[in-house]
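Visitor: The following block contains a protein sequence and its predicted model.
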Amino acid sequence: MADVFEEEAEQTVSIQEYLKDVEDQELEADLVLGGDEGKECTYIKGYMKRQAIFSCLTCTMDGNAGVCTACSLSCHDGHEIVELWTKRNFRCDCGNSKFGEFFCKLFPNKDIENVENSYNHNFKGSYCTCGRPYPDPDIEEQEEMIQCCICEDWFHEEHLGLESSDEIPRDEEGEPLYEDFICQTCSGVFSFLTLYPKSIWAGVRQHDATVNNNKEKDVLEDPPSVCGSSQKLENDSYSHNSQQMDHAITNTVSENVPVGKNTFLGENTEKNEGSSQVIQDASPSSSTCVIGVDLLVAPPVFDGSKPMFLSKNWRDILCRCEKCVDFYTQKCINFLLDKEDSIVEYEKMAKQKREEKLHQQEGVELNLLDKLGHVGKMEFLNGVADMKNEIHAFLESFDPSKPITSADVHQVFENLAKKRRRV
């Protein structure tokens with residue numbers, strides 16, 4: 001019998017732990033949904049820079065459509081839904097021609113098709129180069145996956161194209177040291193990133209104490225192997241050394257970005273274990289090319305490509321001269337210049353919306369109390385005091401070795417009701 005109580009005690013949680021768990025779950029949901037409460041279809045907002053998207057395999061078995069949060073809840077409740085996390089430049093498809101005779105309940109008047117939307121195999125519930133679903137029903141312990149910030153597909157660590165998962169930049173606790181990841185397929189287009197200072201790359205954790213001094217020296221002097229190797233220009237026109245490159249970027253940034261007191265350009269202004277420095281914001285627009293190369297004429301090429309792990313604020317350093325912007329546009333990657341495209345900024349705005357919502361809720365509660373008359377306020381405050389006293393009395397008399405049951409909670413409120421009836 002004692003063993004039964006011990007087993008039950010292990011499964012119990014304190015009220016504080018329960019409330020903390022609920023708060024963490026709500027925060028995680030807000031970060032994914034971007035603070036969207038799911039009350040209105042986002043179609044009217046057009047092609048949003050980033051939003052949470054879902055695929056309904058009940059309505060579109062081919063996985064060629066995506067719906068917003070509100071439509072996934074109101075129009076597709078009870079359907080087979082695939083959660084896609086976030087997608088960029090996407091407009092809600094719910095109820096358009098891809099859904100046959102099905103109409104959106106929230107906003108039925110939609111175009112036949114959203115021609116600017118992009119779809120991949122994620123919309124069919126498949127991920128990574130292996131094409132497996134997530135969660136994978138054939139795997140008991142699910143593996144964490146990494147999303148490419150370009151194609152927005154998700155990848156298992158063993159399918160990243162690395163020799164070992166130890167090449168993924170992490171701290172000693174296993175937390176990522178990188179802000180963005182570019183997959184092996186997409187990295188070919190981004191060979192031009194090797195023309196930037198080494199601070200753009202997230203550092204690889206050197207955890208092996210047996211690494212020799214020569215290897216450590218190579219890590220410091222050369223870009224990490226995960227960022228590709230053996231690059232060269234097609235016409236060998238690029239001859240600037242790394243010092244000239246750093247000097248050009250420093251000059252460009254220092255003319256346009258104010259640097260804090262006692263802070264030198266390239267010096268850490270915030271703890272960032274993922275890179276040797278926090279990259280400062282490059283010029284919004286400049287006639288001088290930061291990298292000194294016309295990428296449309298002479299882009300760097302690789303003998304082979306590997307995935308890339310980028311450090312914090314790496315987008316800020318990207319050159320914004322006319323020729324480089326033309327290159328980004330031609331390669332359809334000009335979204336990288338938009339700060340709101342990044343997941344970091346998306347989650348930052350979600351946190352702000354959450355704080356505003358909580359602040360509004362507190363204001364509503366205070367306004368409600370202010371609107372009450374003197375008698376109403378006294379009854380309200382007495383009711384709160386009675387509840388606190390009843391809960392306190394219950395906890396004092398309760399055996400801490402036993403779990404609190406629903407019957408115990410009902411008894412607390414029944415006692416409160418009896419007190420109110422006596423009054």
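Guide: All right, it came through fine. Fair warning: this is a prediction, and the values are worked out from it, not measured in the lab.

Visitor: buried sites along stretch 398-411?
Guide: Ile404 (16 or more other CB atoms under 10 Å). All C-beta spots, glycine's among them, are computed from the backbone N, C-alpha and C.

Visitor: next one: stretch 181-197 to chain centre, how far?
Guide: Taking CA atoms, centre = their mean, to the nearest Å, one finds stretch 181-197 lying 21 Å from the centre of the chain it belongs to.

Visitor: ends of it, how far apart?
Guide: Stretch 181-197 has an end-to-end distance of 17 Å (CA to CA, to the nearest Å).

Visitor: I'd like the average pLDDT over that stretch.
Guide: In this model, stretch 181-197 carries a mean pLDDT of 92.

Visitor: Ok, stretch 44-52 next?
Guide: pLDDT averaged over stretch 44-52 gives 95.

Visitor: what comes up buried for that stretch?
Guide: Within stretch 44-52, the residues that count as buried by 16+ other CB under 10 Å are Met48, Lys49, Arg50, Gln51, Ala52.

Visitor: Likewise for stretch 328-343?
Guide: Neighbour count says stretch 328-343 has Tyr328, Lys331, Phe335, Leu336, Leu337, Asp341, Ser342, Ile343 buried, by 16+ other CB under 10 Å.

Visitor: May I ask which two of those are separated the most?
Guide: Lys331 and Ile343 (20.5 Å; CB to CB).

Visitor: Take the buried residues of stretch 44-52 and lay them out in CSV including secondary structure and distance to Gln360.
Guide: Below are these laid out as CSV (DSSP: H, G, I helix; E, B strand; the rest coil; distance: CB to CB, whole Å):
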residue, secondary structure, distance to Gln360
Met48, strand, 23
Lys49, strand, 24
Arg50, strand, 24
Gln51, strand, 22
Ala52, strand, 22
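
Visitor: Farthest pair within those?
Guide: Lys49 and Ala52 (12.6 Å).

Visitor: On the pLDDT front, check Asn406 for me.
Guide: Slight slip there: residue 406 is Ser, not Asn. The model's pLDDT for Ser406 equals 80.

Visitor: Oops, could you answer that again for Tyr18 instead?
Guide: Confidence score, pLDDT, at Tyr18: 66.

Visitor: before we move on, what about Pro284?
Guide: pLDDT, Pro284: 52.

Visitor: want to throw the buried residues of stretch 328-343 into TSV with distance to Glu113 and secondary structure?
Guide: Formatted as TSV, the entries for the buried residues of stretch 328-343 read as follows, by distance: CB to CB, whole Å; DSSP: H, G, I helix; E, B strand; the rest coil:
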residue	distance to Glu113	secondary structure
Tyr328	27	helix
Lys331	25	coil
Phe335	22	helix
Leu336	27	helix
Leu337	28	helix
Asp341	24	helix
Ser342	28	coil
Ile343	27	helix
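
Visitor: between these, which is nearest Val32?
Guide: Checking those one by one against Val32 (CB to CB), the nearest turns out to be Ile343, at 10.3 Å.

Visitor: Spit out the contact partners of that closest one.
Guide: Arg50, Thr86, Cys149, Asp180 (CB atoms under 8 Å, 6 or more residues apart in numbering).

Visitor: In strands, which of those residues fall?
Guide: Judged by DSSP state E, those include Arg50, Thr86, Asp180 as members of strands.

Visitor: Show the subsequent helix or strand relative to the one helix or strand Leu358 maps to.
Guide: Element membership for Leu358, per DSSP states H and E: helix 343-371. Sequence-wise, the next helix or strand downstream of helix 343-371 (DSSP H and E) is helix 374-397.

Visitor: ok now that next one, how far from the chain's centre?
Guide: Distance, centroid of helix 374-397 to centroid of chain: 42 Å (CA atoms, centre = their mean).
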